[in-house]
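>>> Quick one, fold the following:
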Amino acid sequence: MWLQRLGRVLGHGHGHGHGQGQCRRHLSARIVQGTSIVVQPESESEGREAMTFPGVWLRDNCRCTECFHGSSRSRRLDWDSFDTRVRPVGVRTDQAAGQQQQQQLHVRWSDAHESSYPLDWLRQRSFDGRRQRAYLDEFYRPATRHWAGAEFQRIARHFDYGQVMAEDAALQQWLQALAVYGVALLRDAPLDGGVVRRLAERVGFIRRTTYGEEFVVQAKPGAQNFAYLSLPLPLHTDLPYYEYKPSVNILHCVTQTASPGGSNLLVDAFHIADRLRGERPADFERLCRVPVDWNDIGSEDGREFHNIWRAPVICLDAEGKYTRINHSVPQRDSHFSVPLAEVEPWYESYGRFVRLARDDAHAFKTRPGDVLTFNNIRLLHGRTGYDDTEHNSRYIVGAYLDWDIVYSRLRVLKKRSAAVQ
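Presented below is the predicted three-dimensional model:
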């Protein structure tokens, strides 16, 4: 479905050349104001709007073997001598020979270089805002959809573990749902300790942390981590004390407690941030601006550690979009390296954030064979307390993936799917 939408926006789906049943396209181009080039496709079908390309961008992206290394798909242009004031001095269009008869733009430059660009390559990189948004939302990173706790049953997607492991289409659907909603559940996984590793390696590879690659969540004496207790586990994000925080959590339920407790709690913290932004803008601004000291001190497998990272609760990118939520009461340091006047207002704002999240939490209990996967930089998660005895235990195996690896795999799957359509 996404490919059809993106294809319509980017102008794909046309016939090339002039074979039987295909629409013949004509292409014209002209230099505008001495610096830019306007490309005008003329087709009997969609995609006839003109496209404007800055000359310096076109020259920077020349596809010839002198400027571009084909097998590594990398620019090899020598920027030590690149002239950012380069200008087009001549343009022409033609139809390149080949099976698809692809039309091309040819440019002569003021630096005596010549470049050629296929029409479809230009279409995919058009500076038209609608096309750019389609690329960013459908291919770069799927647009997120935020949800309230009451919507969980409607948005939560379920997948068969065996199908995800065996079929690329199911793998793509799982990763897409995880990217959009921040959570997805796999059913009917084997009850062995290797499931999380096999699933992670189906995508890419496990992200190692202080606590190793796979980790076991169960009540244990002398626990070095608050999660390894049977007490209620407050809502939190894992490892906020890492600058490069593991971003996808995989939790495989091998044994589930028969006691009333042990339920997972999930909250879409992007939705909570949306509410603060609209209802309490001063609180939102403060939680986006004031840095918090997060830390973790202890030892694991004989190795001591002392991790610290300073970042606000709500992190934004240059466009004001959410990039990361940090929240963990146990891992919030007693050091609070901010001006004295910021402290009490911050506590008030943070308290509102926590109360909104607590009231919105959705509770559900995984079954043996379930694999819960969720976005650790977006969702808050926790657990209700439970009774832990020799005959009534809870055994969860976990691991992490990074979004860089997930998005990479998803793009590969999308391109592979598009190639066979």
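
>>> Can you classify the closest residue in space to Asp387 that isn't next to it in sequence as helix, strand or coil?
Excluding the flanking residues, the one nearest Asp387 by CB to CB, 6 or more residues apart in numbering is Ser259, at 4.1 Å. Bear in mind the C-beta positions are built from the backbone N, C-alpha and C, glycine included. Assigned by DSSP: H, G, I helix; E, B strand; the rest coil, the conformation of Ser259 is coil.

>>> how close does Ser259 sit to Arg358?
Look at Ser259 and Arg358: by CB to CB, to the nearest Å, they are 22 Å apart.

>>> Also Asp60?
51 Å.

>>> likewise Thr366?
For Thr366, the distance to Arg358 - CB to CB - is 21 Å.

>>> Looking at these two, which one has more neighbours?
Using other CB atoms under 10 Å, the more surrounded residue of Thr366 and Arg358 is Thr366, with 19 against 15.

>>> Kindly list the main-chain dihedrals of Cys67?
phi -110, psi -20 (degrees, to the nearest 10).

>>> and it, what does it touch?
Residues counted as contacts of Cys67 (CB atoms under 8 Å, 6 or more residues apart in numbering) are 75-77, 113, 115.

>>> SS state for the nearest residue to Val196 once chain neighbours are set aside?
The shortest distance from Val196 to any non-neighbouring residue, by CB to CB, 6+ apart, is to Ala399 (4.0 Å). Three-state call for Ala399 (three-state DSSP): strand.

>>> Tell me what Ala399 is bridged to.
Ile250 (DSSP bridges).

>>> Could you check which helix or strand contains Val254?
Using DSSP states H and E, the element containing Val254 is strand 248-255.

>>> same question, Asp120
helix 119-124.

>>> buried sites along that helix?
The neighbour-count check on helix 119-124 (16 or more other CB atoms under 10 Å) flags 119-120, 122-123 as buried.

>>> Adding distance to Ser263, write these out as JSON lines.
Shown next, in JSON lines, are these (distance: CB to CB, whole Å):
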{"residue": "Leu119", "distance to Ser263": "55"}
{"residue": "Asp120", "distance to Ser263": "51"}
{"residue": "Leu122", "distance to Ser263": "53"}
{"residue": "Arg123", "distance to Ser263": "50"}
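
>>> which of those residues sit farthest apart?
Spatially, the most separated pair among those is Asp120 and Leu122, at 7.2 Å (CB to CB).

>>> Quick check: beta-bridge partners of the closest residue to Glu304 other than its chain neighbours?
Nearest non-adjacent residue to Glu304, counting by CB to CB, 6+ apart: Gly298, 7.4 Å away. As for beta bridges, Gly298 partners with Phe305 under DSSP bridges.

>>> wait, doesn't Gly298 sit right on Gln331?
No - in this structure, Gly298 is not within contact of Gln331 by CB atoms under 8 Å, at 10.9 Å.

>>> Show me the shaky parts of the protein.
Within the chain, the ranges that satisfy pLDDT under 70 run 1-25, 43-47, 96-101, 219-230, 390.

>>> hmm, back to that, for the strand holding Val254, buried residues please.
Counting neighbours by 16+ other CB under 10 Å, one finds that the buried residues in strand 248-255 are 248-254.

>>> Kindly report the same for stretch 299-317.
Buried residues in stretch 299-317, counting neighbours by 16+ other CB under 10 Å, are found at 307, 309-315.

>>> Quick one: residues contacting the nearest residue to Ile325 once chain neighbours are set aside.
Counting by CB to CB, 6+ apart, Ala269 is the residue found nearest to Ile325 once chain neighbours are left out, at 4.1 Å. The contact partners of Ala269, taken as CB under 8 Å, 6+ apart, are 237, 325, 327, 357, 378-380.

>>> rerun at 7 Å
Residues near Ala269 by CB atoms under 7 Å, 6 or more residues apart in numbering: 325, 357, 378-380.

>>> distance of it from Leu356?
10 Å.

>>> Would you mind listing the buried residues in the lengthiest helix in the chain?
The longest helix of the chain (DSSP state H) is helix 340-360. Neighbour counts over helix 340-360 (16+ other CB under 10 Å) mark 346, 349-350, 352-354, 356-357, 360 as buried.
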